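Visitor: Let's see this in three dimensions:
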Amino acid sequence: MEVTPNAFTVDGFCSAYGVGRSLLYEEIRAGRISVRKAGRRTLIRKEDAQAWLDNLPEMKPAKEVA
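Guide: Got it, this is the predicted structure:
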């Protein structure tokens with residue numbers, strides 16, 4: 001039976017979402033992503049990670065120049 005964790009570590013989140021640790025800590029400080037602490041470990045619930053992703057601004061396609 002495969003167990004799927006319900007939370008990311010900082011390194012796991014950064015790897016999964018392709019962001020650096022500095023950006024993640026900036027997002028945490030700004031209150032844009034919620035984290036939990038388990039002793040010294042910082043954990044990001046998968047639901048919170050998805051909410052963060054969903055709230056990122058959408059990139060609009062560039063207008064075509066004729």
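Visitor: remind me, longest strand of this structure?
Guide: What stands out as the longest strand in the chain, according to DSSP state E, is strand 41-45.
Visitor: What's the first helix or strand after it?
Guide: The C-terminal neighbour of strand 41-45 among helices and strands, as given by DSSP states H and E, is helix 46-54.
Visitor: For that next one, which helices and strands make contact with it?
Guide: strand 7-9, helix 10-17 (3 or more Cβ pairs under 8 Å, 6 or more residues apart in numbering; DSSP states H and E). In this view, the C-beta of every residue, glycine as well, is placed from N, C-alpha and C.
Visitor: quick one, which of the ones you listed is packed in tightest?
Guide: Ranked by mean neighbour count under mean count of other Cβ atoms under 10 Å, those are led by strand 7-9, which reaches a mean of 18.
Visitor: if you average pLDDT over that one, what comes out?
Guide: The pLDDT scores in strand 7-9 average 95.
Visitor: what does stretch 48-64 give?
Guide: The model assigns stretch 48-64 a mean pLDDT of 91.
Visitor: Is there a neighbour count for the nearest residue to residue 48 once chain neighbours are set aside? I'd like the number.
Guide: What sits nearest to residue 48 in space, not counting adjacent residues and going by Cβ to Cβ, 6 or more residues apart in numbering, is residue 34, at 4.6 Å. A total of 14 residues lie near residue 34 under the criterion other Cβ atoms under 10 Å.
Visitor: can you pull the contacts of residue 34?
Guide: Neighbouring residues of residue 34 by Cβ atoms under 8 Å, 6 or more residues apart in numbering: 44, 45, 48.
Visitor: Looks to me like residue 31 is in a strand.
Guide: No: counting by DSSP: H, G, I helix; E, B strand; the rest coil, residue 31 is not part of a strand but coil.
Visitor: who's in contact with the residue positioned nearest the centre of the chain?
Guide: Among the residues of the chain, residue 49 comes closest to the average C-alpha position under Cα atoms, centre = their mean, at 4.4 Å. If you count contacts by Cβ under 8 Å, 6+ apart, residue 49 has them with 8, 13, 16, 17, 33.
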